[in-house]
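Asks: Coordinates only, no sequence provided:
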């Protein structure tokens, strides 16, 4: 049990010792470990995307009374692989009049914030590539970068639908960044630390979803908007903007955007689990299994939302964000602050 | 700051134009400041083709007008010819005609509602009505061998009597359908986002609706109680007990509500007709070669999309001299250019979807 719980920690330790035994200086050992971390993060990222693309299709099929993909492999589980191969072999179309470098780089850049964010996510006990003291701050800073590649894609395509989608994306992602940050601040106020492992450790008795229910709700809404998923899928807005920012993307470039969407949702679920749902804490099973189970459930919840609600309109989106979510999250931070003060200092009389 | 409007071509290939409608929007940011609707991308010249067909040969062409409700188109045409030739048709045929028309009304509204909600972004909501529609299309394929282009009605009756498989299928449909209606109301009616998107969107006053010649659910949503089945009963509609649902504000929400209620009323008619279905022949005595007397006749029927008028001029030969259809979708969408203005792109899509038009009928 103990071994299973720490299996990945042991593997990392073993690689580190092997590298040291091979006679590398400590600097090179660190460099080697960095590479190992990067490769494993990329692995997690790709596997999560491949798995969740299929899982979403399966779940959507279940919601819509249809089987979903069921042809390739056992129960259709190899469908995504086949799709990826098909997309890889497709012709790479660049529309004439497109801003070529911007158009080509956007799908590459969209993975940068994704990989950067995964670096600090604690997958289990002692299982974070880097356990930054400023974990949450870093996460927020890094995930907000994802606005840029989306705008690049919309602008570089030289298409009116794409441009409209890009304008919507920027407005939406910047507006919903604020309630997202404030919803996490409540937890930071309670724990007094920005370190993600510290936040997980602080939830050993009670999950923060029970102490901060409003913040969790705000987080779910803002996270859905941040990842551009229904009911906030305005940048893509299939029935309005054909495919929004992705209109001119095809083949592997489109697939990269598509996979990044699932990676982003995976990260958002992981953050939600870490901050509100007790992270990797849980009885009996190894910590990383608990983390994956919780992330999977939260992810499935996002899928359920997506396949149920209609899309909100762009002005309603702005009104909802600025006139409702921002004041509510501010009030939540304020009340949490008062509560924390009273808890530590008493009422002062 | 100096801003500039720009033109956006919505269609003819676009997920929400339901075929090949083309709307050229003049946009200021996201807001529509001007609009021009272009039709004709699906024009097949049906009316001209019909001048070279015999009277019974016209029937399959009518299936292809509003291809979501073929029987209703069949009915409007065959009744026009029956009116011209003074043919009395057997009771049983009348009942079957009404029953099938109302089934097709349900099928058509299932598509209309489903696609409408889907265009608002709730993709799953299209699947549940389509399951119900599928049951109806299965029944129809038992009868006519075809799922959408039936060619089942004849001048003087119907092609042949009900298939043995039809009755069990209809029984099953009658027991299962109320459950669907209930579930769908629970899913959509009080959904906050749906209400926010549709209430006060694309509102049409009763006067404006009438002046543009709107008919069907789109007119009734504006509060005008006009249904040919009640005001000018054709076939045997005067024998059934049903209401005509009417809206208040004429906005997108009312168009949804009116359609949902209409489905329930159609369901009532089907149950009544099924219960009272008499026995007997299904075809009247009509001459082998149909040669109506010289003259012209206009007949109109309440189709799922609105009033389908059929005008036939006969010169005494076996081929009509002129056939004209007043296609409800064509008249309905004439109001688009006016009501789009001032709405966001998302609203334009919502209005397009809420009108439930069929391009086969718009262009003919």
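Replies: Done, it's in. In this text, all values refer to a predicted model and were calculated from it rather than measured experimentally.
Asks: How is residue B:311 assigned, secondary-structure-wise?
Replies: Under DSSP: H, G, I helix; E, B strand; the rest coil, residue B:311 falls in the strand class.
Asks: wait, isn't it in contact with residue B:324?
Replies: Yes. Counting by Cβ atoms under 8 Å, residue B:324 is a contact partner of residue B:311 at 4.3 Å. In short, each C-beta sits where N, CA and C put it, glycine included.
Asks: Ends of stretch B:339-348, what's the gap?
Replies: 9 Å (Cα to Cα, to the nearest Å).
Asks: neighbouring contacts of that stretch?
Replies: Residues from elsewhere that reach stretch B:339-348 (Cβ atoms under 8 Å, 6 or more residues apart in numbering or on different chains): A:164, A:234, A:237, A:240-241, A:311, A:313-315, B:8, B:10, B:23, B:25, B:27, B:30-35, B:197, B:201-204, B:351.
Asks: what's the burial count for residue B:347?
Replies: 25 (other Cβ atoms under 10 Å in any protein chain shown).
Asks: Tell me if it really is in a helix.
Replies: Yes. When three-state DSSP is applied, residue B:347 is found to be in a helix.
Asks: Around residue A:80, how many other residues sit close by?
Replies: For residue A:80, using other Cβ under 10 Å, the count is 23.
Asks: and the helix or strand harbouring it, what does it pack onto?
Replies: Here residue A:80, judged by DSSP states H and E, is contained in helix A:79-88. If you count contacts as 3 or more Cβ pairs under 8 Å, 6 or more residues apart in numbering or on different chains; DSSP states H and E, helix A:79-88 packs onto helix A:26-63, helix A:251-276.
Asks: Which residue, other than its chain neighbours, is closest to the residue of the stretch 1-150 of chain B at minimum distance from chain A?
Replies: Residue nearest to chain A within the stretch 1-150 of chain B: residue B:121 (2.7 Å; Cβ to the nearest Cβ). The shortest distance from residue B:121 to any non-neighbouring residue, by Cβ to Cβ, 6 or more residues apart in numbering or on different chains, is to residue A:311 (2.7 Å).
Asks: Check the burial of that neighbour by counting its neighbours.
Replies: 27.
Asks: Helix, strand, or coil at it?
Replies: Taking three-state DSSP, the label given to residue A:311 is coil.
Asks: Quick check: it vs residue A:245, distance?
Replies: Distance of residue A:311 to residue A:245, computed by Cβ to Cβ, to the nearest Å: 15 Å.
Asks: go on, residue B:215?
Replies: 40 Å.
Asks: more neighbours, these two?
Replies: The neighbour count for residue B:215 versus residue A:245, taken as other Cβ under 10 Å, is higher for residue A:245 (32 against 27).
Asks: show me what contacts that one?
Replies: Residue A:245 touches A:150, A:153, A:154, A:157, A:162, A:165, A:166, A:169, A:235, A:236, A:257, counting by Cβ under 8 Å, 6+ apart.
Asks: rerun at 7 Å
Replies: A:150, A:153, A:154, A:162, A:165, A:166, A:169, A:235, A:236 (Cβ atoms under 7 Å, 6 or more residues apart in numbering or on different chains).
Asks: ok, the third one touching residue A:170?
Replies: No. With contact defined as Cβ atoms under 7 Å, residue A:154 does not reach residue A:170; the gap is 8.5 Å.
Asks: Compare these two (neighbour count), which wins?
Replies: residue A:154 (28 against 17).
Asks: and the residue nearest to the more buried one when sequence neighbours are not counted, what element?
Replies: Nearest non-adjacent residue to residue A:154, counting by Cβ to Cβ, 6+ apart: residue A:166, 2.2 Å away. Assigned by DSSP H and E, residue A:166 falls within helix A:160-191.
Asks: And the helix or strand just after that helix, what does it pack against?
Replies: Sequence-wise, the next helix or strand downstream of helix A:160-191 (DSSP H and E) is helix A:196-201. Other helices and strands packing on helix A:196-201, by 3 or more Cβ pairs under 7 Å, 6 or more residues apart in numbering or on different chains; DSSP states H and E, are helix A:160-191, helix A:251-276.
Asks: For helix A:196-201, which residues meet the burial criterion?
Replies: A:196, A:197, A:198, A:199, A:200 (16 or more other Cβ atoms under 10 Å in any protein chain shown).
Asks: how much distance is there from that helix to the middle of the chain?
Replies: Its chain's average C-alpha position is 18 Å from that of helix A:196-201, according to Cα atoms, centre = their mean, to the nearest Å.
Asks: same question, stretch A:4-13
Replies: With Cα atoms, centre = their mean, you get 25 Å for stretch A:4-13.
Asks: all strands of the stretch 201-350 of chain B, in order?
Replies: B:295-303, B:306-314, B:322-326 (DSSP state E, counting those that start in this stretch).
Asks: Would you mind stating the distance between the residue nearest to residue B:121 and residue A:159?
Replies: From residue A:311 to residue A:159 the distance is 20 Å (Cβ to Cβ).
Asks: what's the neighbour count on the residue nearest to residue B:223 when sequence neighbours are not counted?
Replies: For residue B:223, ignoring the flanking residues on the chain, the nearest one in space by Cβ to Cβ, 6+ apart is residue B:206 at 5.0 Å. Burial measure for residue B:206: 19 neighbouring residues, criterion other Cβ under 10 Å.
Asks: what does the one 4 residues further on give?
Replies: Counted with other Cβ under 10 Å, residues neighbouring residue B:210 total 15.
Asks: Distance of it relative to residue B:310?
Replies: 22 Å.
Asks: same check, this time on residue B:15
Replies: 33 Å.
Asks: So if I had to pick from those two, which one is more boxed in?
Replies: Applying other Cβ under 10 Å to residue B:15 and residue B:310 shows that residue B:310 carries more neighbours, namely 25 against 16.
Asks: how about the residues of the stretch 251-364 of chain B near chain A?
Replies: Neighbours of chain A within the stretch 251-364 of chain B, by Cβ under 7 Å from any Cβ of the partner chain: B:344, B:345, B:346, B:347, B:349.
Asks: Please work out which of the helices and strands packed on helix A:79-88 is packed deepest.
Replies: Greatest average neighbour count among the helices and strands packed on helix A:79-88 goes to helix A:251-276 (a mean of 23), per mean count of other Cβ atoms under 10 Å in any protein chain shown.
Asks: right, is the next helix or strand after it up against chain B?
Replies: Sequence order places helix A:287-306 as the next helix or strand after helix A:251-276, per DSSP H and E. No. Counting by Cβ under 7 Å from any Cβ, chain B has no neighbours in helix A:287-306; the shortest distance is 8.5 Å.
Asks: Would you mind pulling up the elements that helix A:287-306 packs against?
Replies: Going by 3+ Cβ pairs under 7 Å, 6+ apart, helix A:287-306 lies up against helix A:26-63, helix A:251-276.
Asks: Which of the ones you listed sits closest to chain B?
Replies: Of all those, it is helix A:26-63 that lies closest to chain B, at 5.4 Å by Cβ to the nearest Cβ.
Asks: Pull the distance from the closest one to the chain's centre.
Replies: Worked out by Cα atoms, centre = their mean, helix A:26-63 lies 12 Å from the chain centre.
Asks: touching chain B at all, it?
Replies: Yes. Helix A:26-63 is in contact with chain B by Cβ under 7 Å from any Cβ, via residue A:63.
Asks: which other helices and strands contact that helix?
Replies: Helix A:26-63 packs on helix A:7-21, helix A:79-88, helix A:111-118, helix A:251-276, helix A:287-306, going by 3+ Cβ pairs under 7 Å, 6+ apart.
Asks: In CSV: those helices, plus mean pLDDT.
Replies: Formatted as CSV, these follow (pLDDT from 0 to 100):
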stretch, mean pLDDT
helix A:7-21, 78
helix A:79-88, 85
helix A:111-118, 84
helix A:251-276, 86
helix A:287-306, 87
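Asks: hang on, the earlier thing: now the contacts of residue A:245 as a markdown table including pLDDT?
Replies: A markdown table is the format used below for those (pLDDT from 0 to 100):
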| residue | pLDDT |
| --- | --- |
| A:150 | 87 |
| A:153 | 85 |
| A:154 | 85 |
| A:162 | 87 |
| A:165 | 87 |
| A:166 | 88 |
| A:169 | 87 |
| A:235 | 79 |
| A:236 | 79 |
